[in-house]
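Give me coordinates for this.
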Amino acid sequence: MALSEIDRQLLDRCLEGKPEAWRAFVDRFVGLVYHVIQHTAQARSLNLSAEDTEDLCSLVFLEILRDDYAVLRRFRRKASLATYLAVVARRIVVRELLRRKAQADSAVSADVADSAPGPEERIADREEVQRLLDQLQGQEAEVVRMFHLEGKSYREISSATGIPENTLGPLLARARSRLRRLAEKAN
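Residues are numbered from 1 along each chain as shown. Now for the predicted structure:
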């Protein structure tokens, strides 16, 4: 679809800094930007609050305004303005959602690090794990020890024990279940 005459005039008025041009531009495309935000969030299985949606919408329009309408100045006018703005809005929204996710993930990592047990607790936990491991039988105990205490991968455990990699997951699940039952009896 080609650039419509209405959009061409609106674009020209914005780039020339005509009075009320920006307000008309926002009025014309705010629905499109909201739609792009909702569609992008839905595609990523995210539920956005009304405030988050408004923040993202504001961010899109701020990016369009940045550097004297640099985004609009890059528009080649070979497609419809709505199509171009939908692509621009989507890129801005995805970038911001990824930034927020990374920020949230680092905050969670910091919280986990802050709540990590101290050396005394780790020693007590390790002693408890060792006591429980002593109650497991042969290979089961060895696999649990290698995976949980030594941090070895399934491939490394398979090479060391000769147990096929695809049986290690079920073996560990059974061992953990048995360990849970033993720990519950102990408490």
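
Tell me the predicted confidence for Glu51.
Looking at Glu51, its pLDDT is 93.

model confidence over stretch 23-40, on average?
On average, the pLDDT along stretch 23-40 is 96.

Same check on stretch 96-110?
Stretch 96-110 comes out at a mean pLDDT of 76.

how is this protein carved up into domains?
If you go by automatic domain parsing, the domain ranges for the chain are 5-114, 119-180.

So for whichever helix in the chain runs longest, what gets flagged as buried?
In the chain, with assignment by DSSP state H, the single longest helix is helix 81-114. By 16 or more other C-beta atoms under 10 Å, the buried positions in helix 81-114 come out as 81, 84-86, 88-90, 92-93, 96-97. In this view, the C-beta of every residue, glycine as well, is placed from N, C-alpha and C.

cool, and stretch 65-84?
65, 69, 71-72, 75, 81, 84.

Turn those residues into TSV, columns for distance to Ala2, pLDDT and secondary structure.
Below are those laid out as TSV (distance: C-beta to C-beta, whole Å; pLDDT from 0 to 100; DSSP: H, G, I helix; E, B strand; the rest coil):
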residue	distance to Ala2	pLDDT	secondary structure
Leu65	25	94	helix
Tyr69	21	95	helix
Val71	20	95	helix
Leu72	17	96	helix
Phe75	13	95	coil
Leu81	10	95	helix
Tyr84	12	95	helix
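
Where in this structure is the helix or strand with the lowest mean pLDDT?
For the chain, using mean pLDDT, DSSP states H and E, the weakest element among its helices and strands is helix 119-133, scoring a mean of 59.

and the next element down the chain from that helix?
helix 138-144 (DSSP states H and E).

how near is the residue nearest the centre of the chain to Arg95?
Centrality entry for the chain: nearest residue to the mean C-alpha point is Lys101, 4.4 Å, by C-alpha atoms, centre = their mean. Distance of Lys101 to Arg95, given as C-beta to C-beta, to the nearest Å: 11 Å.

and what of Ala82?
Per C-beta to C-beta, Ala82 is found 20 Å from Arg95.
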